[in-house]
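**Student:** attaching a predicted model along with its sequence, questions to come.
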Amino acid sequence: MDALLLHRIHFAFTITFHYLFPQLTMGLALLIVVLKSIALKTGNERYNQASRFWAKIFAVNFLIGVVTGIPMEFQFGTNWSQFSRLTGGVIGQPLAMEGVFSFFLESAFLGLFLYGEKRLSPLAHWGSALMVWIGSWISGFFIIVTNAWMQHPVAYRILPNGTYEITSFWQFFMNPWAWLEYAHNMSGAVITGSLVMCAVGALYLLENKSLEHAKIFLRVGVIAGCISCIAQIFPTGDLQGRFMAKHQPAAVAGMEGLFKSQQGAPVVIVGQPNEEKQTIDNPIAANGVLSFLVYGTFGAEVQGLDKIPREDWPEPLPLLYYAYHIMAGLGTYFALLMVVSAVLLWRGKLFSTRWALWPLMLSFPLPYIANTAGWMTAEIGRQPWLVYGLMRTSQGYSKYVSAGNGLFTLLGFMGMYTVLSILFIVLVYRIIYMGPELPVGSQAPKNSALATA
Amino acid sequence: MGFIWFWLVAIMIVAYVLLDGFDLGVGILHPFLAKTEEERKISLRSIGPVWDGNEVWLLAGGGTLYFAFPLLYASAFSGFYLALMIVLWLLIIRGVSVELRSHIGMAVWRTFFDGMFCFSSSLLAIFFGAALANVIRGVPLGPDGYFFLPLWTNWLPGAQPGILDWYTVLGGVIAFVSLAVHGALYLAVKTEGALQSRARKFAQRAWIALVALTVISLPASIFVRKDTLDNYRAFPLAFAVPVLVLTGLAGMLVFSRKGNDRKAFGSSCVYLAVMLVGATVGLYPRLLPSSSDPALDITIAKALSGSYTLHVGLIWWTFGMLLAATYFVVVYRMFKGKVKMDEQGYGH
């Protein structure tokens, strides 16, 4: 097996699994602040119970996010040592800042938030939830800044020894790519949080249990979901697409499967890219729409892959194409689902409309798929570059870590993460099964009769 | 700049060892000192609200190392590939064990995670000690600044060693014993009754082994690296290190016998910090020495980032560390005193 491919799969697997958890962490952290704010303002104890219920799921989710996140920071050095050596002066900075500014904050206030409700005043406890939210969103920002520099390097120079250094701290953090990517990504995280909250609410309503809490979950979930699903498409997705078309034309051509440059370029809704013949098989397409999305007029010429040297094509191209289409397709579905649900909520009919509750309950896995596909679009779109235009992926990996050693640890991670998945599902299922109606202080699951020791 | 960042990274590593050290130690002793379910809960709750924050020092330290000395980060992390990956797996097992152990009220579930908590904490202590010993001994660096070490070769610290040889295993054993004692002294501070007296008794007994290992470590280091004492001869002030190490050791026993657990734990902190500083002094200005040719050593000058990066870094680092220190003071004050069973703790 080729060592380069193995190191790519190693990172892809561990990051994909890892990001299943932070997206819910970041989304839920915001929604928990919303629940606690309403509780603080109205004194409605149910909102406190609701936030305690979600805090339990949050805690398990956060834990898996933390333990799968530590390998990410280390993998820059272990599997991508040449990349780290050359760019550590640039991206080491936000990664170190994430530890110093975000992880300390999160760990301290998460302890207070989860353990301290009895010791803190209601306002102070609300404050601890706020700090956990801020910490998790700062953390996301530092990661996005790191990724944005790899996508669109700014404010750097090359030192005599071949390594990179930033020239302006300010410009580095003001990278326009970072802010567009951050907005799109965080809105995506809120979608995950909202749809998960909606799903639990819909489940309880369909099961006819914990009805009052279920309505709270749906109300908060649908409103937050509606806002974030629309923001995901416009303006964040739209702006990012345009910016990408300007700076990474190869990525956009690959995403759209546009092999030939053309005026009035179409958006392919369904179809299979055929790399050998350089066409889309069985296309269902909307003519001119891609030109419109990128340049604002239906007749504008969009650059296709034919204008790009073959060795600079993103690869694997079909995966890029499918990842983008899955993301965009699901994003459209979320917006429809949420707008319909929001209208039903507004008309006061949502809680009794079973045909809307079923899809709300069943859709929770889809934002995970959409967020993953979105990141695959970004990361495969950047190929064959590790740092766009500066360093190829084939130049960055650890030459002295053989494919055999890489496969050993990849298999290890796969086994480990299988176990983590099972634990996570069992524990979250249990929390949802037990329901939100626990009084203060009994957050810890009660000992059952089986507990002897 | 290089001198400053060298010591800042060293301080972060010392902070990590002192803080996460005690919760690793509690993990090592957990199934042995805490016998009843109630004692095990207390043992876990003594570290419950803080272990995660303690571990952040490892991440923040690693990140700081990455941006201040990218060459060292790249070379060491890829060279110690297998050992690091095992450390990552152990960190995963450990985090999951601490947090999920009390989620399900089955004796089998709890006993399993108690065992995993002990297993992962023990091996982590050994690996961290062995890692430090690897850095002291040196690695077979190539002219491009890279190397790759198998887990073991012939267990001898020659020019082509493995990650584990007799010297690095000795380092691992010292770390294991010292962190177990550190954890026992912490437990004595945080608990009462039978658990506390068991913790004290363990610390006092293991202390003898710790003294013996500490004394052996010095000639062993000189045997493995002839130049260990060069910096000490150049800066005689550094000979305060062995004096302070012995003072720390003496304090651990004396205060623990008197029942002054806080001071005994403080002495253990002094011991660990000075042992690490002592190793660091011997290393300076090298970051990772070569096991064959001193010209190939990774030194501060070779690995240092650009000066703009480091100047800006100093500003935010100082600010961030002040914030972090504030959080630690708040959290530790919030959860100070003996662990009580009637208090609610999420998941513990």
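**Tutor:** That came in fine, so what should we check first?

**Student:** show me the contacts for the closest residue to B:Met85 other than its chain neighbours.
**Tutor:** The spatial neighbour of B:Met85 that comes closest, neighbours along the chain excluded (C-beta to C-beta, 6 or more residues apart in numbering or on different chains), is A:Thr409 at 4.4 Å. (Each C-beta comes from the backbone N, C-alpha and C, glycine too.) Listed by C-beta atoms under 8 Å, 6 or more residues apart in numbering or on different chains, the contact partners of A:Thr409 are A:His10, B:Tyr81, B:Leu82, B:Met85.

**Student:** where do the strands sit along the stretch 151-300 of chain B?
**Tutor:** B:286-288, B:298-299 (DSSP state E, counting those that start in this stretch).

**Student:** which residues of the stretch 1-150 of chain B score low on pLDDT?
**Tutor:** Scanning the stretch 1-150 of chain B for pLDDT under 70 picks out no residues.

**Student:** next, A:Tyr397: phi, psi?
**Tutor:** Main-chain torsions, A:Tyr397, degrees, to the nearest 10: phi -80, psi 170.

**Student:** and it, how many neighbours does it have?
**Tutor:** For A:Tyr397, the neighbour count with other C-beta atoms under 10 Å in any protein chain shown is 24.

**Student:** kindly report the same for A:Gly374.
**Tutor:** Residues near A:Gly374, counting by other C-beta under 10 Å: 24.

**Student:** check whether it really touches A:Ala189, as I assumed.
**Tutor:** No: under the criterion of C-beta atoms under 8 Å, A:Gly374 is not in contact with A:Ala189, lying 10.9 Å apart.

**Student:** quick one: average confidence on stretch A:200-215?
**Tutor:** The pLDDT scores in stretch A:200-215 average 96.

**Student:** scratch that, stretch A:141-151 is what I was asking about
**Tutor:** Stretch A:141-151 shows a mean pLDDT of 97.

**Student:** try stretch A:40-49
**Tutor:** On average, stretch A:40-49 scores 94.

**Student:** likewise for stretch A:414-433?
**Tutor:** In this model, stretch A:414-433 has an average pLDDT of 96.

**Student:** is it positioned near chain B?
**Tutor:** Yes: residues of stretch A:414-433 contacting chain B under C-beta under 8 Å from any C-beta of the partner chain: A:Met416, A:Leu420, A:Leu423, A:Leu427, A:Arg430.

**Student:** please save the CA atoms from that stretch in CSV.
**Tutor:** Output of stretch A:414-433 as CSV, limited to C-alpha atoms (Å, rounded to 0.1, in the frame of the first residue of the first chain):
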residue,chain,number,x,y,z
MET,A,414,-10.7,1.9,13.7
GLY,A,415,-11.1,-0.7,16.5
MET,A,416,-11.0,1.9,19.2
TYR,A,417,-13.5,4.1,17.6
THR,A,418,-15.9,1.2,17.0
VAL,A,419,-15.9,0.7,20.7
LEU,A,420,-16.4,4.4,21.4
SER,A,421,-19.4,4.4,19.0
ILE,A,422,-21.1,1.6,20.8
LEU,A,423,-20.5,3.2,24.2
PHE,A,424,-21.8,6.5,22.9
ILE,A,425,-25.0,5.0,21.4
VAL,A,426,-25.7,2.9,24.5
LEU,A,427,-25.3,5.8,26.9
VAL,A,428,-27.2,8.4,24.9
TYR,A,429,-30.0,6.0,24.2
ARG,A,430,-30.2,5.5,28.0
ILE,A,431,-30.3,9.2,28.7
ILE,A,432,-33.1,9.7,26.2
TYR,A,433,-34.9,6.6,27.5
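
**Student:** contacts for it?
**Tutor:** Outside stretch A:414-433, the residues that reach it (C-beta under 8 Å, 6+ apart) are A:13-14, A:17, A:53, A:56-57, A:60-61, A:64, A:67-68, A:200, A:203, A:445, B:89, B:92, B:96, B:100, B:103-104.

**Student:** I'd like to know which of these are buried.
**Tutor:** A:14, A:17, A:53, A:56-57, A:60-61, A:64, A:67-68, A:200, A:203, A:445, B:89, B:92, B:96, B:100, B:103-104 (16 or more other C-beta atoms under 10 Å in any protein chain shown).

**Student:** could you list the buried residues of whichever strand or helix holds A:Thr146?
**Tutor:** When elements are assigned from DSSP states H and E, A:Thr146 belongs to helix A:122-151. Of the residues in helix A:122-151, A:125-151 count as buried by neighbour count, 16+ other C-beta under 10 Å.

**Student:** can you give me the helices in the stretch 201-350 of chain A?
**Tutor:** A:211-231, A:238-247, A:249-256, A:289-295, A:317-346 (DSSP state H, counting those that start in this stretch).

**Student:** next: the stretch 101-250 of chain B.
**Tutor:** Under DSSP H, counting those that start in this stretch, the stretch 101-250 of chain B gives helices at B:107-137, B:166-190, B:193-224, B:230-234, B:240-258.

**Student:** and these as a markdown table, adding distance to A:Phe169 and mean neighbour count?
**Tutor:** Output for these, formatted as a markdown table (distance: least, C-beta to C-beta, whole Å; neighbours: other C-beta atoms under 10 Å in any protein chain shown):
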| stretch | distance to A:Phe169 | mean neighbour count |
| --- | --- | --- |
| helix B:107-137 | 31 | 21 |
| helix B:166-190 | 38 | 25 |
| helix B:193-224 | 41 | 17 |
| helix B:230-234 | 35 | 12 |
| helix B:240-258 | 37 | 17 |
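
**Student:** do you know the pLDDT at A:Lys446?
**Tutor:** A:Lys446 is assigned 38 on the pLDDT scale.

**Student:** now do A:Lys118
**Tutor:** Here the pLDDT value assigned to A:Lys118 is 84.

**Student:** Three-state assignment for it, please.
**Tutor:** Put simply, A:Lys118 is coil when judged by DSSP: H, G, I helix; E, B strand; the rest coil.

**Student:** how far away is it from A:His125?
**Tutor:** Going from A:Lys118 to A:His125 by C-beta to C-beta, to the nearest Å gives 9 Å.

**Student:** repeat for A:Glu276
**Tutor:** Distance from A:Glu276 to A:His125, by C-beta to C-beta: 61 Å.

**Student:** one more: A:Leu390?
**Tutor:** Using C-beta to C-beta, one obtains 47 Å as the distance from A:Leu390 to A:His125.

**Student:** show me how far the strand or helix carrying B:Trp57 is from its chain's centre.
**Tutor:** Following DSSP H and E, one finds B:Trp57 within helix B:51-68. Computed by C-alpha atoms, centre = their mean, to the nearest Å, the chain-centroid distance of helix B:51-68 equals 12 Å.

**Student:** and the pLDDT for B:Gly158?
**Tutor:** At B:Gly158, pLDDT is 80.

**Student:** and the residue in the stretch 151-300 of chain A that chain B sits nearest to, how many neighbours?
**Tutor:** Residue nearest to chain B within the stretch 151-300 of chain A (C-beta to the nearest C-beta): A:Glu165, separated by 3.2 Å. Using other C-beta under 10 Å, A:Glu165 has 20 neighbouring residues.

**Student:** for A:Val90, see how far away it is.
**Tutor:** Distance from A:Glu165 to A:Val90, by C-beta to C-beta: 7 Å.

**Student:** which neighbours do these two have in common?
**Tutor:** A:Tyr156, B:Thr309.

**Student:** follow-up on the earlier one: next, the angle helix B:51-68 makes with the next helix or strand after the helix holding B:Trp57.
**Tutor:** Next in sequence after helix B:51-68, counting helices and strands by DSSP H and E, comes helix B:70-79. Relative orientation of helix B:70-79 versus helix B:51-68 (axes from the mean of the first three to the mean of the last three C-alpha atoms, to 10 degrees): 120 degrees.
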